[in-house]
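1. Predicted coordinates and the sequence they were generated for:
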Protein chains: 2
Amino acid sequence: MIQVKKPKKQLHLNLFILSTGHHEASWRHPDAQPQLATSLSYYQQLAQTAERGKMDAIFLAEKYRLTPLIKYRVIPQLEAFTLLSAIAAVTERIGLTATASTTYNEPYHIARKFASLDHISGGRAGWNIVTSTGDATAQNFGREHHLDHTVRYARGKEFVEVVKRLWAGWSESSLLIDKQSGLYADIGQIQGAEFNGEFFSVKGALNIPRSPQTHPVLVQAGSSEDGKQFAAELAEVIFTAQNTMEDAALFYADVKSRLRTFGRSEEQLKILPGFIPFVGDTEAEAKDKERELNELAVSEYGIKSLSDLLRVNMFNYPLDGPVPLDDLPSVDEIQGQKARFQLYVDLARRENLTIRELIIRTAGGRGHFTFAGTAVQMADEMQRWLENGAADGFNLMPALLPCGLDDFVNKVVPELQNRGIYRTEYTGATLREHLGLTLDDTFAVRS
Amino acid sequence: MIQVKKPKKQLHLNLFILSTGHHEASWRHPDAQPQLATSLSYYQQLAQTAERGKMDAIFLAEKYRLTPLIKYRVIPQLEAFTLLSAIAAVTERIGLTATASTTYNEPYHIARKFASLDHISGGRAGWNIVTSTGDATAQNFGREHHLDHTVRYARGKEFVEVVKRLWAGWSESSLLIDKQSGLYADIGQIQGAEFNGEFFSVKGALNIPRSPQTHPVLVQAGSSEDGKQFAAELAEVIFTAQNTMEDAALFYADVKSRLRTFGRSEEQLKILPGFIPFVGDTEAEAKDKERELNELAVSEYGIKSLSDLLRVNMFNYPLDGPVPLDDLPSVDEIQGQKARFQLYVDLARRENLTIRELIIRTAGGRGHFTFAGTAVQMADEMQRWLENGAADGFNLMPALLPCGLDDFVNKVVPELQNRGIYRTEYTGATLREHLGLTLDDTFAVRS
């Protein structure tokens, strides 16, 4: 009797690229090359390594302000679009996900940029949809204060709707390219957005033909109540920060259960928690790598950034005293980074941390899950999350680049492949194919 | 006695890339590949050919609307930035000039994009500053009507001022990158824009360090009174449409004389009229190439686009009757493309053209100077313009791509080089160096 094995659930890996790495002090490491933070070839090489590791995509964050914290650390520096496009030119398969804010952009521009990136890359574009926070950003765009959390999400939803209409405005048959008759396009087959909303009004059609994916993949990274609802309705990938597998499983079940409301199946949204890998030939070596970076952290930076996030001046409290949980505002009062605020509070409360301990615990990646161990231990942990309903894969955030990525691709990727839970070759051409997603009617634009 | 020759004035060449070429019917030509209009490799090859021809830069236009005229012709289709960045990755020296409008953008975004492109390309970025016209564009950005000509230019001036402040906000010494002390940047050496104007208010600093050119090269392409004044104050290169060498010389003298008012020398602004080359081994062969394209033109397209430009429905007039000059509005009433309106009117009046004749005369490149001849004849004509104070070089607009470009680079470029009026090798690394320009104090941001 032939036994048919059920195919194993496959792990999805995304690489979050951030200058010298996600650890705030990574640039101080002897192996770091902070002078290359604006160098194209540096980023091209990272992308090529991720492609060698058969990852679904690379991903770039995007900010529209300079924080004074640049005093102590490398801040992401090249505009995400310009950089991804130059990376597209030297890669073949890997997806390219750019962050673009719905708060300080115009839908027509964003629709054009992603359609262009999708054409240029042969269908590898992804859009990480964010809403911008902070008065410092608002003040670079003629506003005194940033928008309220709920307004930002309402605006974001409308923005995405307009962009999808623009993308969907062209059909397969819009272009005639009939040299004989002299007819280039069938303008009856190109629909304008004809959108009149609360925040945006866009009448015309996109001036770029349908791109290989039609809709670049939609990614979302907010984990607040509004964020989860937004993702369940609109996103195909969600990045999230989770401290433990148990928390991640709760989040996973919560978000997946919301999909039904919008007529979507659980397979239509991939959940990728952040994952900070320290790989060593022994567990001790891996932990040494982590400790080495933590020891490079500048405490003034940690105190400042913790104060910014928790909205309390931590310089007024003893560094080795407890995190002053009772002095913090309630999460309802928080306007930006609500979910991260909650994550830090939960972590400090659960583990009864001092301020110094909380700073060290979050220095490596702002509260994302960190794992130090051998390749086998790491593959075990990733498989555990995958098989216990906590993740569809991970958003890799190496603490130190490029070596943290090299370690992962050289050592952990083969281990995952041996277990049959990770691809050995790309089987699709587009980012949506890598993710095992399809573009179905319920997800396409609704009129 | 040794005679020291005065070095000859050098010709500057810029390639204006437009899908299958600048002739409206180019895509119908047997050699055209209109199906590649959204293909990265097609544009990369054009740029590489221009680089082989040692040109200063390639240039891309940019529109934020779809015109119904796409029924009859290929419309530029990929977003200029995304495309130039992917071209930067496969070229070494040639400049990369992107169009970006000051009417429907935010200075903070535009400053970031050009600083990024300048980093990615090693100092090869140029910005063609335009103001957007037309209600169709306005309606893609939440407005009913486009802005008045004068308001657009006032807004444009303010926009450029903010962008320059952002670029100049970083000094050579802003980055410390001191691993030992843990100090990455000297925030005292990074200045915010601190700009409060009539149209824009931008407080913070750019989040990208000083780029190789500090200020990407500023290009301008309007030839109206406002446009010339804007260029004399702010631009380093001006693209212009001129029908004859005599008109070009008047324009040249006019614009150069305005520079003094702004404390700038005549060398600080290069004037590049559009130039549409048809090269043949004989003059007859060149003229055949031009006629072949003109015969492919669809008259309905020509009548429609002429009606749009001249603001009179030309379908109401006999095609072989005179251009109805008395029925046209006065140039003062024209809000967009004032200079082009005037150019068409002057051309029709001077040569007493019928509507059909005007359409054919402008089909190749919207009124830009067209020259059909052998390589020697063409080099003669270009040299004549150069030496008679009509041009510092040309903005090449091949009617048919890629072959019109191949012809020019293979046949005309060597002829120009033999005459000692065109470089045989790049001598500089940046676009500003190619143009023989320096970034001087009078041009840098004024506080």
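-> Cool, got the structure.

2. show me where the stretch 1-150 of chain A has helices.
-> Under the criterion DSSP state H, counting those that start in this stretch, the stretch 1-150 of chain A contains helices at A:40-52, A:80-88, A:107-120, A:135-138, A:149-168.

3. Could you dump those into a markdown table and include mean neighbour count?
-> Every residue, glycine included, has its C-beta placed from N, CA and C. As requested, the helices of the stretch 1-150 of chain A are exported to a markdown table (neighbours: other C-beta atoms under 10 Å in any protein chain shown):
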| stretch | mean neighbour count |
| --- | --- |
| helix A:40-52 | 19 |
| helix A:80-88 | 28 |
| helix A:107-120 | 27 |
| helix A:135-138 | 18 |
| helix A:149-168 | 21 |
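
4. Now distance to B:Leu401 and mean pLDDT too, for these, in TSV please.
-> Formatted as TSV, the helices of the stretch 1-150 of chain A follow (distance: least, C-beta to C-beta, whole Å; pLDDT from 0 to 100):
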stretch	distance to B:Leu401	mean pLDDT
helix A:40-52	27	98
helix A:80-88	21	97
helix A:107-120	18	98
helix A:135-138	41	92
helix A:149-168	27	94
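
5. Nearest to A:Leu401, out of the ones you listed?
-> helix A:40-52 (6.3 Å; C-beta to C-beta).

6. Which stretches in chain A count as strands?
-> A:12-16, A:57-60, A:95-101, A:125-130, A:175-178, A:183-185, A:195-196, A:201-202, A:217-220, A:237-240, A:270-279, A:369-373, A:393-396 (DSSP state E).

7. Show me what from the stretch 201-350 of chain A comes close to chain B.
-> By the rule C-beta under 8 Å from any C-beta of the partner chain, the part of the stretch 201-350 of chain A lying against chain B is A:201-209, A:211, A:296, A:298, A:301.

8. Among the residues you listed, which pair sits farthest apart?
-> A:Lys203 and A:Leu296 (53.6 Å).

9. how about the nearest residue to A:Gly169, chain neighbours excluded?
-> What sits nearest to A:Gly169 in space, not counting adjacent residues and going by C-beta to C-beta, 6 or more residues apart in numbering or on different chains, is A:Gln191, at 4.2 Å.

10. Likewise for A:Lys157?
-> A:Phe230 (6.6 Å).

11. Would you mind giving the strands of chain A as JSON lines with distance to B:His368 added?
-> Below are the strands of chain A laid out as JSON lines (distance: least, C-beta to C-beta, whole Å):
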{"stretch": "strand A:12-16", "distance to B:His368": "47"}
{"stretch": "strand A:57-60", "distance to B:His368": "39"}
{"stretch": "strand A:95-101", "distance to B:His368": "36"}
{"stretch": "strand A:125-130", "distance to B:His368": "35"}
{"stretch": "strand A:175-178", "distance to B:His368": "26"}
{"stretch": "strand A:183-185", "distance to B:His368": "22"}
{"stretch": "strand A:195-196", "distance to B:His368": "37"}
{"stretch": "strand A:201-202", "distance to B:His368": "32"}
{"stretch": "strand A:217-220", "distance to B:His368": "42"}
{"stretch": "strand A:237-240", "distance to B:His368": "47"}
{"stretch": "strand A:270-279", "distance to B:His368": "51"}
{"stretch": "strand A:369-373", "distance to B:His368": "60"}
{"stretch": "strand A:393-396", "distance to B:His368": "50"}
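
12. can you redo those as CSV with mean neighbour count?
-> Listed next are the strands of chain A as CSV, based on neighbours: other C-beta under 10 Å:
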stretch, mean neighbour count
strand A:12-16, 26
strand A:57-60, 27
strand A:95-101, 25
strand A:125-130, 26
strand A:175-178, 16
strand A:183-185, 22
strand A:195-196, 14
strand A:201-202, 22
strand A:217-220, 26
strand A:237-240, 27
strand A:270-279, 25
strand A:369-373, 21
strand A:393-396, 26
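
13. Need those strands in JSON lines (columns: mean pLDDT).
-> Conversion of the strands of chain A to JSON lines gives the following (pLDDT from 0 to 100):
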{"stretch": "strand A:12-16", "mean pLDDT": "98"}
{"stretch": "strand A:57-60", "mean pLDDT": "97"}
{"stretch": "strand A:95-101", "mean pLDDT": "97"}
{"stretch": "strand A:125-130", "mean pLDDT": "97"}
{"stretch": "strand A:175-178", "mean pLDDT": "96"}
{"stretch": "strand A:183-185", "mean pLDDT": "96"}
{"stretch": "strand A:195-196", "mean pLDDT": "98"}
{"stretch": "strand A:201-202", "mean pLDDT": "98"}
{"stretch": "strand A:217-220", "mean pLDDT": "96"}
{"stretch": "strand A:237-240", "mean pLDDT": "96"}
{"stretch": "strand A:270-279", "mean pLDDT": "97"}
{"stretch": "strand A:369-373", "mean pLDDT": "95"}
{"stretch": "strand A:393-396", "mean pLDDT": "98"}
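
14. returning to what we had before: next, format the residues of the stretch 201-350 of chain A next to chain B as TSV and append distance to B:Ala235.
-> Shown next, in TSV, are those (distance: C-beta to C-beta, whole Å):
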residue	distance to B:Ala235
A:Ser201	33
A:Val202	31
A:Lys203	32
A:Gly204	30
A:Ala205	32
A:Leu206	30
A:Asn207	26
A:Ile208	28
A:Pro209	33
A:Ser211	34
A:Leu296	47
A:Val298	45
A:Tyr301	43
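
15. Tell me the one among those residues nearest to A:Tyr344.
-> Comparing those against A:Tyr344 with C-beta to C-beta places A:Tyr301 closest, at 15.7 Å.

16. I'd say A:Ala89 and B:Ala86 touch.
-> Yes. Shown here, A:Ala89 and B:Ala86 form a contact pair, counting by C-beta atoms under 8 Å, at 4.4 Å.

17. Give the residues shared as contacts by these two.
-> The contact sets of A:Ala89 and B:Ala86 overlap at A:Ile120, B:Leu40, B:Gln44 (C-beta atoms under 8 Å, 6 or more residues apart in numbering or on different chains).
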